[in-house]
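[1] I need the structure of the sequence given here:
(chains A and B)
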Amino acid sequence: MISFSQVRKSYRGGHEALCELSFGIETGELVFITGHSGAGKSTLLKLIPAIERPTSGTVLVNGQNIGSMRRAAIPYLRRNLGLIFQDQKLLYDRSVFDNVMLPLAFTGHAYKDAARRARAALDKVGLLAREKANPITLSGGEQQRLCIARAVVNRPSILLADEPTASLDSASAGEVVEMFRSFNQVGVTVLIATHDEALVRRLNPRVLALEQGRLAQ
Amino acid sequence: MSTWLRQHWRTFGLTLGRLARNPLATLLNVMVIGVALALPLGGYMLLQNLGSVARQLTGNPQISLFLVRDADKADIAALEARLKQIPGVRALRFISREQALEGLKQSENLSDVIAALQTNPLPDAFVLETNGSAAELEKLEPQLKALPKVAHVQLDSAWVKRLESLLALGRTAVLILATLLACGLVAVTFNTIRLQILTQKDEIEVSKLIGATDAFIRRPFFHLGFIQGALGGLAALAIVYLCMQILNRGILELARLYGSDFRLSFFGFPDSLALLAFAAVLGWLGAYMSVSRYLSGIEPR
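    Now for the predicted structure:
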C-alpha cells in the first residue's frame, strides 16, 4: 500500500531530513513512527500526500509514484488519504459541522448525502451534540477529535496522523488512540507519528523508529 | 456535468452570501467600479443623442448650384439634362431668378429692401438633393463646378461635416476614457480578490491539503470578480440614468424655447445588457489575474 525505497529528502540549505529510507506498509496495518523531534517523522508523513516530494528514491502510495506525480493528480491522491495535522488546521470562521463538510464540498456529493455523512463522522468521534459550536470553544481533546472526523468523512483507505496526542492529557490521548485503533479494525491503514513512548507501549504496534533520518536498528 | 453545474450554483450562492455579509465593503467596491464605468458610459450616451440629432438635421444634404447671369433657357435645359445623369442625385429643383425674388419678398425683414431694387440681382439656381454623406457631397463639388454656365456651387453640408468630425473626436475621447477606466476596473477587482485570497488563506491551505482541485479553489474568486463587475455595471447604468433624468429637466426647458421636443434618451436593452456583460467579463479578468498571481503562492507546508 505504501512503500519507500532508498528515499532521501534534503531541504534547501543542505539539511538532510531523510536518508536512504526503505520500508513497506501493507493494507490494514497500524504503524507508529517514533523518534526525537527532528528525526524526520513529519517529513516522512508529508511525503505520502505529496506535500513534499522526495529528493531521490521512490515513494509509492497505492501504486502511484509520488516523486513523478503530476500536480493536477495530487488532489485525487489526497482524497483517498485522511490527514491529521500537528497544528490541526481547523477553520474557526465556521461551525464544527461545516469543518467536517469541507472535504465533501468538492467530491460532488449532494448536500443531503454530504450532511448525513458529516453527521455520521461527528457521531463516531462523539461530537454530534456540538455540531453547531465554533471549534474555538472546544477543548483540546475535542478539537483533535474534530480533526479526526474531518479526516475520515471521505472514508479514506489510509489515515496519517502527525503527533495527534502531543497537546492532550493522558485521558484524552487514550480516547484519541482508541479511535485510531477502531478505524484500523475496520480495515483502514493507520500511520501515527509520535514521540509519546507510553502510547506506543500501550498498543504494542509495529514501530518504525527514526534516528536522524534513518531507521534505527 | 450536473455535478459541475451544482458546484457552480453552490459557489454562486456562497459568493452572494459572502458579499451580503460585508455590505459596506461590497457597496464601496461596487461604487468605485460604477463611478469609473459611468464616466465613459455617460459620454457615450451624450454622443449617441447628439449623433441622432445630427442625423435628423442632415437627412437630406443639399447642394445649391448658381448659374451665370447670361444663362438662357437653352443653357438651363442642357444643364438640367446633364445634372439628371449624375449618380447620387435624388431630386432636382429649378428655382428661377423670378421665383427667388418672390421668395425673398415673402420674408418680412427683407421686403422693403427688395422693393427698393431696380433690377433683379439674383441668379437662376438648381437645388440638388442627394442621398450621400457629407464626404460624398464633397467629391461631387468639383464635378459640378466644371459644368458650363455654373457660377458657384454651395454645399450646405460644410457644417454637417464639422459636426460629424466633432462627433468622431468625441467618440475617440470616450473610447480612450473607456479603455483607461476598464483597466481601472480590472485593477480594482485584482486588488479586491487579492485581499479576499489573503483573508481565506487558511481555508485555501486546508482545502488543498484535503484534496480540493485548483479549479475548485479558484472558482469562488472568479464568481466574486464576475458578480462584482456585473454589480458595478448595474451601478454605472443607474448613475447614468439618474444623471440623464436630472439633465433632461433643464434640456426640456431649453428645447421648448427652441420649439423642439428634444430630450436625452437612454440606452436600449441590448446596449445595457452588453455593458453588464462587459463589466462582468472585466471583473472576471481582474479575478483571473489575481488568482493566477497569488493562489499558487499558498501551498501547504
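[2] and the strand or helix carrying A:F183, what does it pack against?
    Assigned by DSSP states H and E, A:F183 belongs to helix A:170-185. Judged by 3 or more CB pairs under 8 Å, 6 or more residues apart in numbering or on different chains; DSSP states H and E, helix A:170-185 is in contact with strand A:30-34, helix A:140-152, strand A:158-162, strand A:189-194, helix A:197-203. Every residue, glycine included, has its C-beta placed from N, CA and C.
[3] between those, which one is closest to chain B.
    Of all the helices and strands packed on helix A:170-185, helix A:140-152 sits nearest to chain B, with 7.3 Å by CB to the nearest CB.
[4] what angle sits between the closest one and strand A:158-162?
    150 degrees (axes from the mean of the first three to the mean of the last three CA atoms, to 10 degrees).
[5] return the set of buried residues in helix A:140-152.
    Of the residues in helix A:140-152, A:G141, A:E142, A:Q143, A:Q144, A:R145, A:L146, A:C147, A:I148, A:A149, A:R150, A:A151, A:V152 count as buried by neighbour count, 16 or more other CB atoms under 10 Å in any protein chain shown.
[6] that helix - contacts with which helices or strands?
    Against helix A:140-152 (3+ CB pairs under 8 Å, 6+ apart) you get strand A:81-84, helix A:96-101, helix A:111-124, strand A:158-162, helix A:170-185.
[7] mind redoing it with 7 Å?
    strand A:81-84, helix A:96-101, helix A:111-124, helix A:170-185 (3 or more CB pairs under 7 Å, 6 or more residues apart in numbering or on different chains; DSSP states H and E).
[8] which regions of the chain lie under the pLDDT threshold?
    Let's take chain A. Scanning chain A for pLDDT under 70 picks out the ranges A:217.
[9] switch to chain B, please.
    Flagging of chain B using pLDDT under 70 yields the residue ranges B:1, B:56-61, B:107-109, B:131-135, B:156-159.
[10] residue of the stretch 101-250 of chain B closest to chain A, please.
    Closest point on the stretch 101-250 of chain B to chain A, by CB to the nearest CB, is B:G211, at 3.6 Å.
[11] against B:L67, how distant is that residue?
    91 Å (CB to CB, to the nearest Å).
[12] who does the most centrally placed residue in chain A bridge with?
    Centroid-nearest residue in chain A, with CA atoms, centre = their mean: A:L160, separated by 2.1 Å. Per DSSP bridges, the residues bridged to A:L160 are A:L83, A:L191.
[13] returning to that earlier point: please identify which of the buried residues of helix A:140-152 is nearest to A:L208.
    Nearest to A:L208 among the buried residues of helix A:140-152, counting by CB to CB, is A:A151 at 20.5 Å.
[14] quick one, what contacts the residue lying closest to B:I33 once chain neighbours are set aside?
    The shortest distance from B:I33 to any non-neighbouring residue, by CB to CB, 6 or more residues apart in numbering or on different chains, is to B:G232 (2.7 Å). B:G232 makes contacts with B:V30, B:I33, B:G34, B:L37, B:L185, B:A279, B:G283, as judged by CB atoms under 7 Å, 6 or more residues apart in numbering or on different chains.
[15] alongside chain A, which residues does the stretch 201-301 of chain B contribute?
    B:D202, B:E203, B:V206, B:S207, B:L209, B:I210, B:G211, B:A212, B:T213, B:F216, B:P300 (CB under 7 Å from any CB of the partner chain).
[16] need the buried ones from those selected in ChimeraX.
    Of those, the buried ones go into a single ChimeraX selection, burial set by 16+ other CB under 10 Å:
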select /B:203,206,207,209,210,211,212,213,216,300
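[17] I'd like the residues of the stretch 201-301 of chain B next to chain A as CSV, with distance to A:M1 and secondary structure appended.
    Below are these laid out as CSV (distance: CB to CB, whole Å; DSSP: H, G, I helix; E, B strand; the rest coil):
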residue, distance to A:M1, secondary structure
B:D202, 31, helix
B:E203, 30, helix
B:V206, 25, helix
B:S207, 25, helix
B:L209, 20, helix
B:I210, 20, coil
B:G211, 18, coil
B:A212, 24, coil
B:T213, 24, coil
B:F216, 27, helix
B:P300, 23, coil
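[18] which of the residues of the stretch 201-301 of chain B next to chain A sit farthest apart?
    Longest span within those, CB to CB: B:D202 and B:T213, 18.4 Å.
[19] which element is the closest residue to chain A within the stretch 1-150 of chain B on?
    At 3.9 Å from chain A, B:T3 is the closest residue in the stretch 1-150 of chain B, using CB to the nearest CB. In this structure, B:T3 sits in helix B:2-21 according to DSSP H and E.
[20] in CSV: the helices and strands packed on helix A:170-185, plus distance to A:L215.
    Shown next, in CSV, are the helices and strands packed on helix A:170-185 (distance: least, CB to CB, whole Å):
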stretch, distance to A:L215
strand A:30-34, 10
helix A:140-152, 26
strand A:158-162, 18
strand A:189-194, 14
helix A:197-203, 15
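[21] quick revisit: please flag which of the contacts of B:G232 sit within helices.
    Among those, DSSP state H puts B:V30, B:I33, B:G34, B:L37, B:L185, B:A279, B:G283 in helices.
[22] dump those to a markdown table, plus neighbour count and distance to B:H223.
    Converted to a markdown table, the ones in helices among the contacts of B:G232 look like this (neighbours: other CB atoms under 10 Å in any protein chain shown; distance: CB to CB, whole Å):
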| residue | neighbour count | distance to B:H223 |
| --- | --- | --- |
| B:V30 | 21 | 15 |
| B:I33 | 29 | 16 |
| B:G34 | 23 | 19 |
| B:L37 | 28 | 20 |
| B:L185 | 26 | 17 |
| B:A279 | 29 | 15 |
| B:G283 | 31 | 10 |
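[23] tell me which two of the residues you listed sit farthest apart.
    The most widely separated members of the ones in helices among the contacts of B:G232 are B:G34 and B:G283, with 12.0 Å between them, by CB to CB.
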